[in-house]
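A.B. asks: fold the following.
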Amino acid sequence: VQLQASGGGLVQPGGSLRLSCAASGFTLAYYAIGWFRQAPGKEREGISCSHSSDGSADYADSVKGRFTISRDNAKNTVYLQMNSLEPEDTAVYYCAVGESCDGMNFWGKGTQVTVSS
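C.D. replies: Just a heads-up that it's a prediction; the model follows:
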């Protein structure tokens, strides 16, 4: 059972990245899936969650309108499309799953996103 986040990197302000979170050993479609991030010296922040019941999504105010979470059940993968990136988005990004968006209980390793000119 594994979650693996990937797709991070260095991008200029205003640029875009798409993160992927691939699951193995279980079926993502049955679970709520969240994206979180943690910047140096800051607490972990929940930024988006896709509900398992209807696939609807929630976003933190800090990313609303810029980030989009999506699922590809055929690939057992969830994505986070990040547009209009800002230096404040620099962090390690993690994906997690759980029975609901309020209860993430399995975490993947993170991927570093750095927004800098």
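A.B. asks: show me the residue sitting in the middle of this protein in space.
C.D. replies: Residue closest to the average C-alpha location in the chain (Cα atoms, centre = their mean): W35, at 2.9 Å.
A.B. asks: what is whichever strand or helix holds that one packed up against?
C.D. replies: Under DSSP states H and E, the secondary-structure element containing W35 is strand 32-38. Counting contacts by 3 or more Cβ pairs under 8 Å, 6 or more residues apart in numbering; DSSP states H and E, the secondary-structure elements packed against strand 32-38 are strand 17-24, strand 45-50, strand 67-72, strand 77-82, strand 91-98, strand 104-107. For glycine as for every other residue, the C-beta is placed from the backbone atoms N, C-alpha and C.
A.B. asks: from the middle of its chain, how far away would the fifth one be?
C.D. replies: The reference is to strand 91-98. Between the mean C-alpha location of strand 91-98 and the chain-wide mean there is a distance of 5 Å, by Cα atoms, centre = their mean, to the nearest Å.
A.B. asks: now do that strand, average pLDDT.
C.D. replies: Taken as a whole, strand 91-98 has an average pLDDT of 97.
A.B. asks: right, and the residue nearest to the centre of the chain touches I69 too?
C.D. replies: Yes. W35 lies in contact with I69 (Cβ atoms under 8 Å); the separation is 6.3 Å.
A.B. asks: mutual contacts of the two, please.
C.D. replies: With contacts taken as Cβ atoms under 8 Å, 6 or more residues apart in numbering, the residues that reach both W35 and I69 are S48, C49, V78, L80.
A.B. asks: pull the contacting residues for the last one.
C.D. replies: Shown in contact with L80 (Cβ under 8 Å, 6+ apart): R18, L19, C21, W35, I47, S48, F67, T68, I69, Y93, C95.
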